[in-house]
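Peer 1: Quick one: sequence plus predicted model below, questions after.
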Amino acid sequence: MAIENMFGHLRGNWGWMALRGVAAILFGVLAFAWPGATLLTLALLWGAYALADGVFSIIAGLRIRDGIKPVWPLVLTGLIGIVAGIAALGWPGLTAIVLLMFIAAWAIVIGVLQVAAAIRIRKEIDNEWMLILSGVVSILFGALMILSPGRGAVALVWVIASYSIVFGLMLVVLAFEMKGLKPQDQPGIPSRFGT
């Protein structure tokens with residue numbers, strides 16, 4: 001069955017999701033460590049994070065299969081992350097408001113895609129609420145930034161850092177949840193990342 005095969009691949013490639021979470025946590029810690037950083041530094045840090053997250057997401061989406069097809073929400077999430085990262089790295093002199101709106105839109109799109117993915121696989125995994133919650137946190141984060149764009153750059157750094165750490169922790173927890181999935185009616189699928 002196609003859905004069982006997809007979860008076998010999720011279990012076998014859980015490490016890519018964990019890497020996304022670790023990258024988010026590292027970005028958040030670095031942003032907290034440099035709260036007085038200029039907006040240019042923030043744009044470059046965020047651009048590097050979004051680019052890395054996008055690459056990891058595409059790799060995961062192409063390795064995890066739904067039947068014979070890649071998991072397109074992950075691939076789409078990765079493409080959006082890569083475009084967002086390149087834009088932030090290519091134009092680091094963006095104003096605070098433009099950068100804020102850019103990050104907010106990215107967070108909302110990623111959140112919606114995660115909630116959609118969680119709804120799709122909710123019957124197949126335990127604790128799917130973690131994926132839904134990480135999507136909702138992402139949507140709320142984006143909405144909060146849109147509603148209060150006039151806050152200072154340091155406050156923006158703290159909000160982004162907090163979001164990144166919480167989001168990263170949720171991804172790491174979910175990755176280990178995926179690692180613990182038990183294959184149903186099929187032999188173990190070897191992992192290229194490690195189980």
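Peer 2: Perfect, thanks for sending it.

Peer 1: ok, residue 166 touching residue 138?
Peer 2: No - applying C-beta atoms under 8 Å, one finds residue 166 not in contact with residue 138, separated by 9.6 Å. C-beta: built from backbone N, CA, C; applies to glycine.

Peer 1: Looking at those two, which one has more neighbours?
Peer 2: A direct count of neighbours by other C-beta atoms under 10 Å for residue 166 and residue 138 places residue 138 higher, at 24 against 18.

Peer 1: what pLDDT does the residue nearest to residue 99 when sequence neighbours are not counted get?
Peer 2: On the basis of C-beta to C-beta, 6 or more residues apart in numbering, the spatially nearest residue to residue 99 that is not a chain neighbour turns out to be residue 43, at 5.7 Å. pLDDT, residue 43: 75.

Peer 1: Remind me which helix or strand residue 43 belongs to.
Peer 2: helix 39-63 (DSSP states H and E).

Peer 1: which stretches of the protein aren't confidently modelled?
Peer 2: Within the chain, the ranges that satisfy pLDDT under 70 run 1-11, 35-39, 65-70, 93-97, 124-125, 149-155, 181-195.

Peer 1: Can you show me the strands along it?
Peer 2: Shown for the chain, the strands assigned by DSSP state E span residues 65-66, 69-70.

Peer 1: What's the local residue count around the closest residue in space to residue 13 that isn't next to it in sequence?
Peer 2: Nearest non-adjacent residue to residue 13, counting by C-beta to C-beta, 6+ apart: residue 63, 4.7 Å away. For residue 63, the neighbour count with other C-beta under 10 Å is 18.

Peer 1: Could you report the distance from the closest residue to residue 167 other than its chain neighbours to residue 120?
Peer 2: Excluding its sequence neighbours, the residue lying closest to residue 167 (C-beta to C-beta, 6+ apart) is residue 24, at 5.1 Å. Residue 24 sits 22 Å away from residue 120, taking C-beta to C-beta, to the nearest Å as the criterion.

Peer 1: ok, residue 142 touching residue 101?
Peer 2: No - if you go by C-beta under 8 Å, residue 142 and residue 101 don't touch, sitting 9.4 Å apart.

Peer 1: between these two, which one's more packed in?
Peer 2: residue 142 (23 against 16).

Peer 1: residue contacts, that one?
Peer 2: Neighbour list for residue 142: 103, 104, 105, 106, 107, 108, 111 [criterion: C-beta atoms under 8 Å, 6 or more residues apart in numbering].
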